[in-house]
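> just a sequence and a predicted model for now, questions to come.
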Amino acid sequence: MHPVHLHVNKTEHALQLEPRRTLLDALRNDLHLTGTKKVCDMGDCGACTVLLEGKAVYSCLLLAVECDRRPVTTVEGLAHDGKLDPVQRAFIEMDAFQCGFCTPGQIMSLRALLQENARPSDEDIQRAVTGNLCRCGAYLNIIRAGKRAVELLAEEQQATGAAR
């Protein structure tokens, strides 16, 4: 066992983990954060996407020990003060999910894009979710949700700026 300090959703967790334990398994099994989905376990589907230091990564391909003391954000960490993140709100407004299994990974990929670029092009939005598979075929609404998230983020930023 190896001591690992995971900083997940702004909370520090001191764990004793096998060095071969993936970040995905640590999140789901040790921290009980099940929003991050385990599907292919090979980096093919994107359902396990989380943010590591603000960048979208497949948590099934990372060892938890590699994430020691590095900020990790899961879909559970996006809402603040009881208010959903603009990307989460956009997915609901645009009905961008059917079974919902891929939704957390899709949301995290778009959240990473918006952290880098608050005004992405349609091509940027499509590229951001390219690594996320949706077996239900909700791709058109997922892209619409990405566009709506850009609008919601702009509205949120404008309201925040006006309040200052």
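Right, received. Where do you want to start? Residues are numbered from 1 along each chain as shown.

> got the contact list for the longest helix anywhere in the chain?
Across the chain, the helix with the greatest residue count (assigned by DSSP state H) is helix 139-163. Residues from elsewhere that reach helix 139-163, judged by Cβ atoms under 8 Å, 6 or more residues apart in numbering: 86-87, 89-91, 93-97, 106, 110, 113-114, 118-120, 122, 125-126, 128-129, 134. (Each C-beta comes from the backbone N, C-alpha and C, glycine too.)

> quick one: the helices in this structure?
Listed in chain order, the helices of the chain (DSSP H) span residues 23-25, 86-93, 103-116, 122-128, 139-163.

> figure out how far the fourth one is from the centre of its chain.
Taking the mean of its C-alpha atoms, helix 122-128 sits 16 Å from the chain's own mean (Cα atoms, centre = their mean, to the nearest Å).

> same check on the third one?
On the basis of Cα atoms, centre = their mean, helix 103-116 is displaced by 5 Å from the centre of the chain it belongs to.

> for it, packing partners?
strand 49-52, strand 55-58, helix 86-93, helix 122-128, helix 139-163 (3 or more Cβ pairs under 8 Å, 6 or more residues apart in numbering; DSSP states H and E).

> mind putting these in CSV, mean pLDDT included?
Output for these, formatted as CSV (pLDDT from 0 to 100):
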stretch, mean pLDDT
strand 49-52, 98
strand 55-58, 98
helix 86-93, 98
helix 122-128, 96
helix 139-163, 91
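
> domains in this structure, by residue range?
Annotated domains of the chain cover 2-75, 86-163 [automatic domain parsing].

> would you reformat those domains as JSON lines and include mean neighbour count?
Shown next, in JSON lines, are these (neighbours: other Cβ atoms under 10 Å):
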{"stretch": "domain 2-75", "mean neighbour count": "18"}
{"stretch": "domain 86-163", "mean neighbour count": "18"}
